[in-house]
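J.: Predicted model follows, preceded by the sequence.
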Amino acid sequence: MYGADKNSDDAEQTAFRRAEKKYKLYYGQDSKKKKQPKQVDLSQVLDFTSILDSYNQNGELPPRITALECGFGRPVFCLEDRPGFYFMPGALSLEEQCQWIRESLMSFPQPPNRTNHNAMYGPIHDLFKAAMEKKILVEDLGLAASLDCRSNSRIANGNTNKWKFYEEQFLQSRGKTCKSISASVLLRKLRWSTLGLQFDWSKRNYDVSLPHNKIPDALHQLAKRMASPAMPVGEEFQPEAAIVNYFGLGDTLGGHLDDMEADWTKPIVSLSLGCKAIFLLGGKSREDTPLAMFLRSGDVVLMAGDARECFHGVPRIFTDKENADMASLEQQFSHENDVFFLEYIRKSRININIRQVF
């Protein structure tokens, strides 16, 4: 993903790879031979929430970290040895976090936006709603009227196989035997969706010929506002594309560069939602030892200029109650209509990263 090194043998001995392995989720067995997550030393992980608390109390900062006052009502932190990197802890309110979690599950995977499911199933409409309603995605061979799913032949009029949602009980009553998968499983297997200009993963470029909608206006305005500390003087950020990443237990994002946009002086605006994660920010070589830092729900990160040339990745998310840092968000999702959103996000992380392509 995102240009991650596919040659694991070559990458195995790099400093970045060693850091990935250090923080990745591994399992061991306890005395009763039950599978348990192995303990990880987190003492070297930067915690910008704690840094913010200390800065607000006494104005003190750790070495090589500076604070900018950018009119947000809270400081923006920078790293002296990573110019172009900006960290805004808790920049999104709880209400905003809930808003973008809902959008990420209900709206952002909707066609013409593409997801990782397109290659196998084609465009899928209303996936989250179907998961809530416990529906099943079924290979429909054009015989939906009779629900005779037992033939694997193509339809005479030339249409290729399509997939449609059906009620599980309805299909069971008709003796369904064709290929199927539950919407809830598909939702858990959702890994990315693309907004605005669509990214072609096979060619690693933006395909302007693909059908697409503009970035939603509310997200457009939020990204412009958040991007301002990293923008060249007198210029405004113009969001044209976004990639939404969905992480579950054990998921990682390997070290990579975001290098397909035309102008690297413009930042990538990255919003974190859901479970806490570890983010690795390396240097311009995989041999540079990366800095590890926590990303919590509501944090915003900007990467522009030199920071765009730095390898980065996510080796770990925390879904256990002790480390996920989800208490405030769980309280916010307390309404009975939010139970499905809460069910999903308490074991997941969502990252929305917005880009100016041209």
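T.: Nice, I can see it.
J.: For the residue nearest to the spatial centre of the chain, pull up the helix or strand it's in.
T.: Among the residues of the chain, the one closest to the centroid is Asn245, at 2.3 Å (Cα atoms, centre = their mean). Asn245 is part of strand 241-247, with elements assigned from DSSP states H and E.
J.: ok, and what's touching that strand?
T.: Contacts of strand 241-247 with the rest of the structure, by Cβ atoms under 8 Å, 6 or more residues apart in numbering, involve 104, 108-109, 190-199, 206, 215, 219, 223, 253, 274-275, 277, 314, 317, 348-355, 357. Any C-beta I mention is one placed from the backbone N, CA and C, and that applies to glycine too.
J.: Pop the domain breakdown of the protein in here.
T.: Following automatic domain parsing, one finds the domains of the chain at 81-111+190-355, 117-187.
J.: hmm, back to that, got the CA positions of the strand holding Asn245 in PDB?
T.: C-alpha atoms of strand 241-247 as PDB (Å, rounded to 0.1, in the frame of the first residue of the first chain):
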ATOM      1  CA  ALA A 241      -8.700  13.800  -3.400                       C
ATOM      2  CA  ALA A 242      -8.800  11.800  -0.200                       C
ATOM      3  CA  ILE A 243      -8.000   8.200   0.800                       C
ATOM      4  CA  VAL A 244      -9.900   6.700   3.800                       C
ATOM      5  CA  ASN A 245      -8.100   3.800   5.500                       C
ATOM      6  CA  TYR A 246     -10.000   1.400   7.700                       C
ATOM      7  CA  PHE A 247      -7.900  -0.600  10.300                       C
END
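J.: How far off centre is it?
T.: From the chain centre to the centre of strand 241-247 is a distance of 4 Å (Cα atoms, centre = their mean, to the nearest Å).
J.: strands paired with it, and their directions?
T.: Paired with strand 241-247 in the same sheet, following DSSP bridges, are strand 192-196 (antiparallel), strand 349-355 (antiparallel).
J.: Asn351 reaches Ser270, doesn't it?
T.: Yes. Under the criterion of Cβ atoms under 8 Å, Asn351 makes contact with Ser270 at 6.3 Å.
J.: Neighbouring strands of the one helix or strand Trp163 maps to in the sheet, and parallel or not?
T.: In this assignment (DSSP H and E), Trp163 forms part of strand 162-167. The pairing partners recorded for strand 162-167 under DSSP bridges are strand 135-140 (antiparallel).
J.: And the pLDDT at Asp10?
T.: Asp10 is assigned a predicted lDDT (pLDDT) of 49.
J.: circling back: next, the buried residues of the helix or strand following the strand holding Asn245.
T.: Proceeding N to C from strand 241-247, the next assigned helix or strand is strand 253-256, under DSSP H and E. Counting neighbours by 16 or more other Cβ atoms under 10 Å, one finds that the buried residues in strand 253-256 are Leu253, Gly254, Gly255.
J.: And stretch 245-265, by the same measure?
T.: Buried residues in stretch 245-265, counting neighbours by 16+ other Cβ under 10 Å, are found at 245-248, 251-255, 257-258, 260-261, 264.
J.: Pull the most distant pair out of the residues you listed.
T.: Gly248 and Trp264 (30.8 Å; Cβ to Cβ).
J.: if we can go back for a sec, I'd like the distance between the residue nearest to the centre of the chain and Asp251.
T.: Taking Cβ to Cβ, to the nearest Å as the measure, Asn245 falls 9 Å from Asp251.
J.: any common contacting residues for these two?
T.: Arg191.
J.: Quick one: end-to-end length of stretch 182-199, please.
T.: End-to-end distance for stretch 182-199: 27 Å, by Cα to Cα, to the nearest Å.
J.: again, but for stretch 118-129
T.: 18 Å.
J.: how far does it sit from the chain's center?
T.: Using Cα atoms, centre = their mean, the distance between the centre of stretch 118-129 and that of its chain works out at 18 Å.
J.: Report the buried residues of it.
T.: For stretch 118-129, by 16+ other Cβ under 10 Å, it's Tyr121, Pro123, Ile124, Leu127, Phe128.
J.: quick revisit: bridge partners for the residue nearest to the centre of the chain, pull those for me.
T.: Residues in a beta bridge with Asn245, per DSSP bridges, are Trp192, Asn351.
J.: that older thread, output the strands paired with strand 241-247 as a markdown table; include the columns mean neighbour count, mean pLDDT and distance to Lys321.
T.: Output for the strands paired with strand 241-247, formatted as a markdown table (neighbours: other Cβ atoms under 10 Å; pLDDT from 0 to 100; distance: least, Cβ to Cβ, whole Å):
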| stretch | mean neighbour count | mean pLDDT | distance to Lys321 |
| --- | --- | --- | --- |
| strand 192-196 | 24 | 97 | 27 |
| strand 349-355 | 24 | 98 | 15 |
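J.: Dump those to JSON lines, plus distance to Leu186.
T.: Shown next, in JSON lines, are those (distance: least, Cβ to Cβ, whole Å):
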{"stretch": "strand 192-196", "distance to Leu186": "13"}
{"stretch": "strand 349-355", "distance to Leu186": "16"}
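J.: Relative to Ser328, which of those strands is closest?
T.: Nearest of these (Cβ to Cβ): strand 349-355, 15.3 Å.
J.: related to what we said a few turns ago, what mean pLDDT does the strand holding Trp163 get?
T.: Strand 162-167 comes out at a mean pLDDT of 89.
J.: Helix or strand next in line after it, which one?
T.: Using DSSP H and E, the helix or strand that follows strand 162-167 in sequence is helix 168-173.
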